[in-house]
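S.K.: Any chance you can model this:
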Amino acid sequence: MHGPKLTRTWFAVTALVALTGLVVQVVATASDTGGRFTTVAGRVANLFCFFTIDSNLLVIATAALVAFGAARGTLFRVLWLDALAGIIVTGIVYQVALAGLYELHGLAFLADTLLHKVTPILFVLGWLLAGPRGAFTWRAVRWSLVYPLAWLAFTLPRGALTGFYPYPFVDADTLGYGQVALNCVFIGLFFTALTAGAFLYDRRLARLEPA
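M.R.: Below you'll find the predicted structure:
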């Protein structure tokens, strides 16, 4: 992918796809009366506990910044790296551990496809083919770890209070905190490896591209 116009168009489409998936998911969740919570507010609040949703929100924000030519600054570097690692985790964990657990139809199936499959492919391909190059630093790698830690710090205490856990592997009521802690360590190591690997690979790509 060459040229700033094509790059901005690619990420504009990526942001639009992720936003569409998010809106469709909210509508599908609000209209689903078969869950634990009977109120629309309760169901939608649970929705934003999912790492998938939060990672897609990061994709929307950072892809939109690239599309509008505003991709700069330390905060962007951290959020861009979080979006990349988060959406890769979303795609891989879904395919390995979550696909097939639920039978989805209609809007729920459309949202699931957009958020777990289409958006990860578009965003990762955009990064591989277009960049922006040189956006990652070791400082950004360190700060990017705040995202998964903050997600866990919110999800686990909330789950203890409400009984709702977004994923089976963080369900402390069923697995116990020891097993959940072990699962979180593995996922944290995977996230850390992804961010460090993305930084090193991005630096290599930046060196290979012509000035």
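S.K.: Just list the residues touching the residue most central in space within the chain, thanks.
M.R.: Nearest to the geometric centre of the chain sits residue 55, at 2.1 Å (C-alpha atoms, centre = their mean). With contacts defined as C-beta atoms under 8 Å, 6 or more residues apart in numbering, residue 55 is in contact with 82-83, 86-87, 89-90. In short, each C-beta sits where N, CA and C put it, glycine included.
S.K.: Now the helix or strand bottoming out on mean pLDDT in the chain: buried residues?
M.R.: Ranking every helix and strand in the chain by mean pLDDT, DSSP states H and E puts helix 40-47 at the bottom, with a mean of 79. Buried residues in helix 40-47, counting neighbours by 16 or more other C-beta atoms under 10 Å, are found at 43, 46-47.
S.K.: Only C-alpha atoms, please: export that helix in PDB.
M.R.: The C-alpha coordinates for helix 40-47 follow below in PDB (Å, rounded to 0.1, in the frame of the first residue of the first chain):
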ATOM      1  CA  VAL A  40     -31.200  -2.600  28.600                       C
ATOM      2  CA  ALA A  41     -28.800  -0.600  30.600                       C
ATOM      3  CA  GLY A  42     -27.500  -3.700  32.400                       C
ATOM      4  CA  ARG A  43     -27.000  -5.600  29.200                       C
ATOM      5  CA  VAL A  44     -25.200  -2.700  27.400                       C
ATOM      6  CA  ALA A  45     -23.000  -2.100  30.500                       C
ATOM      7  CA  ASN A  46     -21.900  -5.700  30.400                       C
ATOM      8  CA  LEU A  47     -21.100  -5.400  26.700                       C
END
